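> Attaching a predicted model along with its sequence, questions to come.
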Amino acid sequence: MSRPPPIAPDEARAVVRYAEGWRKGKPEEDPDKLKRWGWISAKPSEFLIRMRGGDIASAGQGATTFKWPWDSVAIVPTSVQRLQFTADQITQEKVGVKVTGIAVYRIADPLIAFRMLNFSFPERAQEKLRLMMEEMCVGAVRRLVANLTVEQCLTRRKDALASELIKEIAPVVSGSGRLEDKTIKGWGLVVDTIEIQDVQVLSQQVFTNMQARFRHDQERQAREAELAKELAIKQEETSTERSVEQSKVASATELRRLRLVAEEESRLEKLASEGKVEAQRLAHERSTRAGQLQAERELQLAKLAVEDELRRKKQAAAEQVALEELAAQARHAQQRLQVELETARIQREVEQERHAARLAEQERAAELERATALVAQAKFELAAIEAKTVELEVHKQKLLGSFELERAASLRQIENSLSPEAIQLAIAQKLPELAQAFQQKMGEVHVTAVDGANPFGYIAAAVEGVMGLARSAGLELPAKPSKS
């Protein structure tokens, strides 16, 4: 017999299996549910279905029924079930990872689920269902991990793995069937959730390399924090030293300032005394120099007045000469401007005449072009009239020809209808009717004879003429009746 599938440690303690017989290795079933006949009851978390003759005889949640030997009973558990799966797979970067997760599901439609598995043995059916769900989850996880990177597997467990697993497995088992097949109803299951518990990188070297960057970042951050602390301490020490130096410099500066103030005061006192002596000397010299300067100033003023007068006279003479020169230049410029204006006027008149001549030439050329266009148009219209005339003449000849033909045909028709032969033929065709008319009884006729003449002679002559005409036309006349 085949080896039973491996059981998880937590399940090995809970599941009791048959040790011998044809069900060796399979989960041990409840004897009350395997009766051949008798009362069978389902738990509140179980759905009981009793079949008879291929039809459902009774069904219900937590129901109790009496099973006859010819009945079959299936008990479907509807409680929440949990399975744990583990899948090993390499990623896009050819790095092996181990994914561990759980799936929580339940049988929502027992009337569909009991057709998929043999729930006559509920424990074994649950185990088979758990194994199929586990294999589906493992296969789907392997396919998804093969298309992801290690970083995505570690950081995107929910959207890249768990959500995709639900999208792939739920349509198959939840009652709507596969997306491309609308004719089946799934397994009657509902997948409540799928969670990824752990993603483990199988290669320790790869995992160490992946952590190296984070370790380096943490070491760098720690080093930066230590450097920041040392920098803050150095800044505080430098600030303290700077404060001490600034106080020392301030005290030295204050002493220097006081010393300079004292020296300046003594120097100022000395200068004040020397200034008083110098002021007295300067006052004496100033008074003496003031007289001399007054005399020199008066002499200089007189000299400046004379020079100013001479300069004004020279400037007036120069301005007079300059005004005369400017007047002469203005007159000369006015004359030159008049000559230029006259020349410009003459040139403008010449240009106007030339422009008028060009305009006249252009008008003549335009008139000539219009005349040429009119002549061409007239020739075109004349040619069109001639063509129309020729067309009308041809149409006239056609009409005359057709009229002559119709006239000749009409004449021939009239001649044919009025010829002696046609008249004779028409009379010949009517002779049988005439003869028939003569054969009819004419009733009572009163005849008056004058001078012994035969009163029926003209009738006989007319009849004889008609008969002769019929014979000449080739008609066969009925023979005269013999006298009895």
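Nice, thanks for sending it over. Numbers count the residues shown, from 1 in each chain.
> Not counting stretch 190-207 itself, show me its contacts.
Stretch 190-207 is contacted from outside by 80, 84, 88, 95-108, 137, 150, 153-154, 157-158, 161-162, 165-166, 169-170, 173-175, 210, using Cβ atoms under 8 Å, 6 or more residues apart in numbering. To be clear about C-beta, it is placed using only N, CA and C from the backbone, and glycine gets the same treatment.
> let's see 7 Å
95-106, 108, 150, 153-154, 157, 161-162, 165-166, 169-170, 173-174, 210 (Cβ atoms under 7 Å, 6 or more residues apart in numbering).
> Distance of the nearest residue to I56 once chain neighbours are set aside relative to W68?
By the measure of Cβ to Cβ, 6 or more residues apart in numbering, the closest residue to I56 outside its immediate chain neighbours is I49, 6.2 Å from it. Distance, I49 to W68, using Cβ to Cβ, to the nearest Å: 15 Å.
> These two - which one has more neighbours?
Between I49 and W68, counting by other Cβ atoms under 10 Å, I49 is the more crowded of the two (23 against 12).
> Give me the pLDDT for that one.
In this model, I49 is scored at 87, pLDDT.
> roughly how far out does the helix or strand in which it is found sit from the chain middle?
In this structure, I49 sits in strand 46-52 according to DSSP states H and E. Its chain's C-alpha centre and that of strand 46-52 lie 57 Å apart, by Cα atoms, centre = their mean, to the nearest Å.
> and what of stretch 113-131?
Taking Cα atoms, centre = their mean, the mean C-alpha location of stretch 113-131 is offset from the chain mean by 52 Å.
> average model confidence for it?
According to the model, stretch 113-131 has a mean pLDDT of 81.
> where do the strands sit along this structure?
For the chain, the strands defined by DSSP state E occupy 38-41, 46-52, 55-61, 64-67, 72-77, 81-90, 96-107, 189-201.
> List the contacts of T149.
T91, Q92, E93.
> Closest to Q347 out of the residues you listed?
Q92 (92.0 Å; Cβ to Cβ).
> quick one: the closest residue to that closest one other than its chain neighbours from G186, how far?
The shortest distance from Q92 to any non-neighbouring residue, by Cβ to Cβ, 6+ apart, is to T149 (5.3 Å). In this view, T149 and G186 are 33 Å apart by Cβ to Cβ.
> And for L154?
Separation of L154 from G186 (Cβ to Cβ) stands at 33 Å.
> Ok, A360 next?
Counting by Cβ to Cβ, the separation of A360 from G186 is 103 Å.
> between those two, who's got more neighbours?
In this view A360 and G186 are compared by other Cβ under 10 Å, and G186 has more residues nearby, 20 against 10.
> tell me the pLDDT at the more buried one?
For G186, pLDDT reads 74.
> wait, isn't it in contact with A170?
No: checked against Cβ atoms under 7 Å, the pair G186 and A170 is beyond contact range at 9.1 Å.
> where do the contact lists of the two overlap?
Applying Cβ under 7 Å, 6+ apart, one finds that no residue jointly contacts G186 and A170.
> Restricting to C-alpha, output stretch 104-119 in PDB.
The C-alpha coordinates for stretch 104-119 follow below in PDB (Å, rounded to 0.1, in the frame of the first residue of the first chain):
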ATOM      1  CA  VAL A 104      -8.500  29.800   6.200                       C
ATOM      2  CA  TYR A 105     -11.400  28.200   4.300                       C
ATOM      3  CA  ARG A 106     -14.800  26.700   4.900                       C
ATOM      4  CA  ILE A 107     -17.400  24.700   3.000                       C
ATOM      5  CA  ALA A 108     -20.200  27.200   2.200                       C
ATOM      6  CA  ASP A 109     -22.300  24.900  -0.100                       C
ATOM      7  CA  PRO A 110     -22.300  21.300   1.200                       C
ATOM      8  CA  LEU A 111     -24.700  20.200  -1.600                       C
ATOM      9  CA  ILE A 112     -21.800  20.900  -4.100                       C
ATOM     10  CA  ALA A 113     -18.900  19.800  -1.900                       C
ATOM     11  CA  PHE A 114     -20.200  16.300  -1.100                       C
ATOM     12  CA  ARG A 115     -20.200  15.500  -4.800                       C
ATOM     13  CA  MET A 116     -16.500  16.500  -5.100                       C
ATOM     14  CA  LEU A 117     -15.300  14.300  -2.200                       C
ATOM     15  CA  ASN A 118     -16.500  11.100  -0.500                       C
ATOM     16  CA  PHE A 119     -17.900  12.500   2.700                       C
END
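> from now on call the first residue 56
Sure, I'll start numbering at 56, so the last one becomes stretch 159-174.
> Pull out the buried positions in it.
Y160, R161, I162, A163, D164, P165, I167, A168, F169, M171, L172, F174 (16 or more other Cβ atoms under 10 Å).
> for the longest helix along the chain, the distance to its chain's centre please.
In the chain, taking DSSP state H as the definition, the longest helix is helix 259-473. Mean-position distance between helix 259-473 and its chain equals 47 Å (Cα atoms, centre = their mean).
> Next: stretch 101-116.
So, by Cα atoms, centre = their mean, the centroid of stretch 101-116 is 57 Å from its chain's centroid.
> Let's see the distance spanning that stretch from one end to the other.
6 Å (Cα to Cα, to the nearest Å).
> Check the gap between L337 and H410 for me.
As for L337, its distance to H410 is 92 Å (criterion: Cβ to Cβ).
> I misspoke; the intended subject was V316.
In terms of Cβ to Cβ, V316 sits 97 Å off from H410.
> what do you get for Q273?
95 Å.
> What of A420?
A420 is 15 Å from H410, by Cβ to Cβ.
> circling back to that earlier point, return the angle between stretch directions for the longest helix of the chain and strand 151-162.
Helix 259-473 and strand 151-162 are oriented at 60 degrees to each other (axes from the mean of the first three to the mean of the last three Cα atoms, to 10 degrees).
> pLDDT averaged over helix 259-473 - what is it?
81.
> The closest residue to F169 other than its chain neighbours: neighbour count?
Nearest residue to F169, sequence neighbours excluded (Cβ to Cβ, 6+ apart): A129, at 4.4 Å. Counted with other Cβ under 10 Å, the neighbours of A129 add up to 25.
> For A129, which residues are in contact?
I104, F169, F174, S175.
> go again using 8 Å as the cut-off
Neighbour list for A129: L103, I104, M106, F169, N173, F174, S175, P177 [criterion: Cβ under 8 Å, 6+ apart].
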